[in-house]
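> sequence? don't have it. structure:
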């Protein structure tokens, strides 16, 4: 199972006004919906109590930039990867044999040799975007060259 949700100290949590807090890490938005911000230990405990074996549980931080408004938003998510063992198997032995499920972000970080910081993942994404852009430019220049020769 793969779960990703808001984490404690996410920018959205810090922006709530004084009357929005319902309880610890639980808030009410202006439109009436609710938001809860998880901590790592809490999520790991919930998964274990439900019979899941944790593969990883980690915070993912990213700086999201709104260029038009000139804002940098520091976002924090928590990401849990776990599985439910088949009945009759020993979960601790099986956990050692399970290969973690890799997300596209994990793959980009492995290729670039990064350890998982938000800045390094955006650098890998920028490098990938440059490769795509150069491929598009080379294909469009070859297409225009073939049009010019006709």
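Nice, thanks for sending it over. Fair warning: this is a prediction, and the values are worked out from it, not measured in the lab.

> quick one: low-confidence parts of this protein?
Scanning the chain for pLDDT under 70 picks out 88-150.

> can you rerun that using 90?
Scanning the chain for pLDDT under 90 picks out 6, 9, 11-12, 14-15, 17-18, 86-150.

> where do the helices sit along it?
11-15, 40-49, 91-97, 104-112, 118-149 (DSSP state H).

> so what's residue 10 closest to, chain neighbours aside?
Once flanking residues are discounted, residue 10 sits nearest to residue 76: 4.4 Å by C-beta to C-beta, 6 or more residues apart in numbering. Just so you know, the C-beta spots here come from the backbone N, C-alpha and C atoms, and that holds for glycine as well.

> what's near enough to touch the one you found?
Counting by C-beta atoms under 8 Å, 6 or more residues apart in numbering, residue 76 touches 6-11, 59-61.

> 7 Å instead, please
7, 9-10, 59, 61 (C-beta atoms under 7 Å, 6 or more residues apart in numbering).

> So residue 58 sits against residue 80, correct?
No - counting by C-beta atoms under 7 Å, residue 58 stays clear of residue 80, with 8.4 Å between them.

> For the two, indicate the residue with more neighbours.
residue 80 (21 against 13; other C-beta atoms under 10 Å).

> does that one have beta-bridge partners, and which?
Note on residue 80: beta-bridge partners residue 3, residue 57, judged by DSSP bridges.

> Verify the stated contact: it with residue 3.
Yes - between residue 80 and residue 3 a contact is recorded at 4.4 Å, counting by C-beta under 7 Å.

> Could you find the closest non-adjacent residue to residue 4?
Looking at residue 4 with C-beta to C-beta, 6+ apart, the closest residue is residue 79, at 4.8 Å.

> Let me know whether that neighbour touches residue 55 as I believe.
No - between residue 79 and residue 55 there is no contact, the gap being 10.6 Å when judged by C-beta under 7 Å.

> ok, those two, which is more surrounded?
residue 79 (19 against 16).

> show me what contacts that one?
4, 58, 60.

> now what about stretch 22-30, what contacts it?
For stretch 22-30, the external contacting residues (C-beta under 7 Å, 6+ apart) are 8, 13, 16, 20-21, 34-37.

> Please repeat the previous calculation with a cut-off of 8 Å.
Contacts for stretch 22-30 (C-beta under 8 Å, 6+ apart): 8, 13, 16, 20-21, 34-39.
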